[in-house]
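In: Make a model of this:
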Amino acid sequence: MAKKKSVGGMVLFHGAGGDRDHQTFLALEAELSVPVHRVNFPYRQKNPKRGFPDRMPKLLEAVDQAVNEASEMWGIPPDRIVVGGRSMGGRAASIAATQGLNPAGLLLLSYPLHPPKKPENLRVDHFGDIACPVLLIQGNRDPFGTPEEFAHHLPAIQTEVTEVWLDANHGPKRFDSQIVAETQEWLNSL
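Out: This is a model prediction of the structure:
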């Protein structure tokens, strides 16, 4: 049996209204046992204060580019890198993982299952194509998806999904130490 490759780093992408300096990303970078590369999407690089997110194809291109840069920077193959992010950033990372990117795992923080008050507009079509372990950290009062909705859609993912539910909404402030601890424990299991 081949020896499992250890995770060598993590690349994180922000949500639609955020940036690479999100407080949770800073906590993960400071405290995880692996290096963390926090990335701004192109629209945020152009306008640090505001601006509408790029369309998904451009976001996916940015994910691929950032993972390749991290791979070169750390001298490890992309399959030893966990990708993920918060809200839209996690969604883009999860789609990229089904379109050629072969990460060690996916970290999904506050995944936007659907827009608020629009449960019919699901963002789950790619779930069945995810082929790496997933850590989902979600608020149980998140308007982007209820625990019941996730329970219905997560089984489409054919790999191991670790779920962590926080007593929070879409922006789980004050949970950074728990998020870091849960993420480290998950990384240790990969």
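In: can you give me the helices in this protein?
Out: Applying DSSP state H to the chain gives helices spanning 23-31, 42-46, 56-74, 88-96, 147-153, 176-189.
In: what residues are up against the closest residue in space to K117 that isn't next to it in sequence?
Out: Nearest residue to K117, sequence neighbours excluded (C-beta to C-beta, 6 or more residues apart in numbering): P143, at 7.1 Å. Backbone N, C-alpha and C define where each C-beta goes, glycine included. Taking C-beta atoms under 8 Å, 6 or more residues apart in numbering as the definition of contact, the neighbours of P143 are P116, K117, N169, H170.
In: And for L26?
Out: The contact partners of L26, by C-beta under 8 Å, 6+ apart, come to R38.
In: What of E185?
Out: Neighbours of E185 in contact, by C-beta under 8 Å, 6+ apart: none.
In: Kindly report the same for the one 4 residues further on.
Out: Contacts for S189 were tallied using C-beta under 8 Å, 6+ apart; they are T162.
In: again, only using 10 Å
Out: Contacts for S189 (C-beta atoms under 10 Å, 6 or more residues apart in numbering) come out as V7, G105, P133, L135, E160, T162.
In: Closest one of the residues you listed to L187?
Out: Using C-beta to C-beta, V7 is the member of the contacts of S189 that lies nearest L187, at 5.3 Å.
In: Tell me the confidence at the closest one?
Out: On the pLDDT scale, V7 is placed at 96.
In: likewise the one 4 residues further on?
Out: At V11 the predicted local distance difference test score is 98.
In: Please report how far it lies from Q184.
Out: Applying C-beta to C-beta, to the nearest Å, the value for V11 to Q184 is 17 Å.
In: For the residue nearest the centre of the chain, which non-adjacent residue is spatially closest?
Out: Closest residue to the average C-alpha location of the chain: G84 at 2.2 Å, with C-alpha atoms, centre = their mean. In space, G84 comes closest to L107 once its chain neighbours are excluded; the distance is 3.1 Å by C-beta to C-beta, 6+ apart.
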